[in-house]
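Student: pasting the structure only:
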């Protein structure tokens, strides 16, 4: 495979497939806060045929697969023609249950690994009596090492595309990383983005050693106060994480009809 050099190259891939007028399917949506780092560190690669652009983000022990193609059949042919020597992970993002999409990947040898769905709230969410948690501070560069370590220990890299140290450092620089610490120990963190009128929760975490101390709620409320002018608040949640879902519902979030099925194809040894 060949390393992707620029955003413009990906734009050309999209244009190339659309101009064929034979159909269009993709799971790649440019993210300014993530994909430029993949290009810069050389971990985003591609291979192309007449009807399909196959992209792989190389991670430790597996690759996240992305595609821009005329059809799932064209993607399947491309995957058959290319040899991978690691586990493949693909996010199948769809409106509704995604039966057609999931069946297509099942026929390519993928199985469902995890299911996430999107939750949202429209309108002002901040309560009149809300206050910023005084323990919550913007994370600094030194804090990103603590956050990175916690994510590597307690998050699932197959189900959640985890940020690199460089990405975390830039979240801190943009004041999109909140942390609560006990001395040098990390109690919890929250990463969020505000784009236009949309507040987007990326990652939210409380250390097991500091549960039931209001860490999570303090971080969430502080972040939402920072985005007080937002008119829509969204995030993805793992479908069987009942405790988190109940907390979100408490704040007025409801489930949308948008699903992300994480499917994997393990390397046969």
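Tutor: Structure received. Since this is a predicted model, take the numbers as computed values, not measurements.
Student: any low-confidence regions in this structure?
Tutor: Counting by pLDDT under 70, the chain has low-confidence residues at 268-269.
Student: Show me where it has its strands.
Tutor: Here the chain has its strands, by DSSP state E, at 2-3, 25-26, 44-48, 52-59, 62-69, 87-95, 111-122, 137-138, 177-182, 185-195, 198-206, 232-238, 254-265.
Student: Mind putting the ones you listed into TSV with distance to residue 158 and mean neighbour count?
Tutor: Any C-beta I mention is one placed from the backbone N, CA and C, and that applies to glycine too. Below are these laid out as TSV (distance: least, Cβ to Cβ, whole Å; neighbours: other Cβ atoms under 10 Å):
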stretch	distance to residue 158	mean neighbour count
strand 2-3	23	12
strand 25-26	21	17
strand 44-48	18	18
strand 52-59	9	21
strand 62-69	7	22
strand 87-95	5	18
strand 111-122	6	16
strand 137-138	30	15
strand 177-182	23	22
strand 185-195	19	21
strand 198-206	15	19
strand 232-238	12	19
strand 254-265	6	18
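Student: Now tabulate those in TSV and tack on distance to residue 36.
Tutor: Listed next are the strands of the chain as TSV, based on distance: least, Cβ to Cβ, whole Å:
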stretch	distance to residue 36
strand 2-3	14
strand 25-26	19
strand 44-48	10
strand 52-59	13
strand 62-69	15
strand 87-95	19
strand 111-122	24
strand 137-138	22
strand 177-182	18
strand 185-195	14
strand 198-206	16
strand 232-238	21
strand 254-265	22
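Student: What's the separation between residue 199 and residue 51?
Tutor: 38 Å (Cβ to Cβ, to the nearest Å).
Student: same check, this time on residue 251
Tutor: For residue 251, the distance to residue 51 - Cβ to Cβ - is 45 Å.
Student: More neighbours: which of those two?
Tutor: Neighbours were counted for residue 251 and for residue 51 using other Cβ atoms under 10 Å; residue 51 has more, 18 against 15.
Student: Report the spatially closest residue to the more buried one, excluding sequence-adjacent ones.
Tutor: residue 74 (3.8 Å; Cβ to Cβ, 6 or more residues apart in numbering).
Student: Give me the neighbour count for the one you found.
Tutor: With other Cβ under 10 Å as criterion, residue 74 counts 22.
Student: Counting neighbours, what do you get for the residue lying closest to residue 45 once chain neighbours are set aside?
Tutor: Nearest in space to residue 45, with sequence neighbours left out and distances taken as Cβ to Cβ, 6+ apart, is residue 1 at 3.9 Å. Using other Cβ under 10 Å, residue 1 has 15 other residues around it.
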